Every structure is written in C-alpha cells, then in structure tokens.
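Colleague: One predicted model, sequence on top.
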Amino acid sequence: MDDGLTNQLLDGSTYEQATVNVRRTFPLTIDQKILIAPASLALAVLFAPLLYYRRALVTELEDANSTAAALTIDAGALAFGGIISVSGAGVLLLYLRKRIQAVDLNPERARRVVRVEDLLMWVLLQGGAFIIIAVAVAAFGVAAPETL
C-alpha cells in the first residue's frame, strides 16, 4: 500500500478515509472535479460565434433559412442543456466542498458524500458531452456548410 494512502487512512479526516475506502468511479479530489465545470463552460464560449458564422454561410448557400434555423435550434437546445447541467453540478460540488470543510462528517455520511460526488461527476460529464457535441456540430457546419 502507498505511504500516502496509509497516512490518509490513519491520520486523515473521516472524509479522506472514506475517499480511500469507498470504491469510486472517478478517483479525483473534489477540487479537481470542481475545475472540470469551468473548463466545460469555457468550451461553450466557442458555440455562439461558430453558430452565428455557420448560419451566415448556410444563408448564403440557400434562399430559405429553414435548414439553418432548424439546426440552430437543435444545437442550441443541446448546448443549453449541457450548460445548465454543468453549471448545476459545479455549484453542487462547490456546496459539497463547503460542507466537507465546515462539518466533521461521521463515516456513513462521508461515504454518502463520496457517492454523491461520483453522481455529480456523471452529470458533469454528460453536460460536457452535450456541449462538445453542439460545438462539434457547429464547427462542422462552418467547415462544410453545404453538407448541412
């Protein structure tokens, strides 16, 4: 066993002990999990300019704006869903970190907090995937507007 894990089990707080004892899907610290949220949201910043530029390109190619409008709404809804879920999961992870630092948790509650962290991480990754898909569709539309 690693010396760091041994020290964490023997000298760490109840939460730190739970992070070692509970089988986790994402073996990251809560601070690393929190940093994923702003990184995903930073990727969403690319979406609006790409979508605006793609819409202008498609409008030049067609007389009717129906295809561009339909894809804009679909991609926009996908990106919006991703942004909302990433923001919500990020805020809840911040709340969990505050609770962990403020309250001395009992072992059962600490294990539950670690499981909730994993659940929030799944929501965070799902929202990030929505954002990535929407940005990829918009980027593909800019690269090849005639195919859309």
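Modeller: Okay, I see it.

Colleague: helix or strand for the closest residue to residue 123 other than its chain neighbours, which one?
Modeller: Nearest residue to residue 123, sequence neighbours excluded (C-beta to C-beta, 6 or more residues apart in numbering): residue 89, at 4.4 Å. For glycine as for every other residue, the C-beta is placed from the backbone atoms N, C-alpha and C. Using DSSP states H and E, residue 89 sits within helix 66-102.

Colleague: same thing with residue 36?
Modeller: Using DSSP H and E, residue 36 sits within helix 30-44.

Colleague: Ignoring the adjacent residues along the chain, who's closest to the residue nearest the centre of the chain?
Modeller: The residue lying closest to the centre of the chain (C-alpha atoms, centre = their mean) is residue 124, at 3.2 Å. Excluding its sequence neighbours, the residue lying closest to residue 124 (C-beta to C-beta, 6+ apart) is residue 89, at 4.2 Å.

Colleague: Thank you kindly, that will do.
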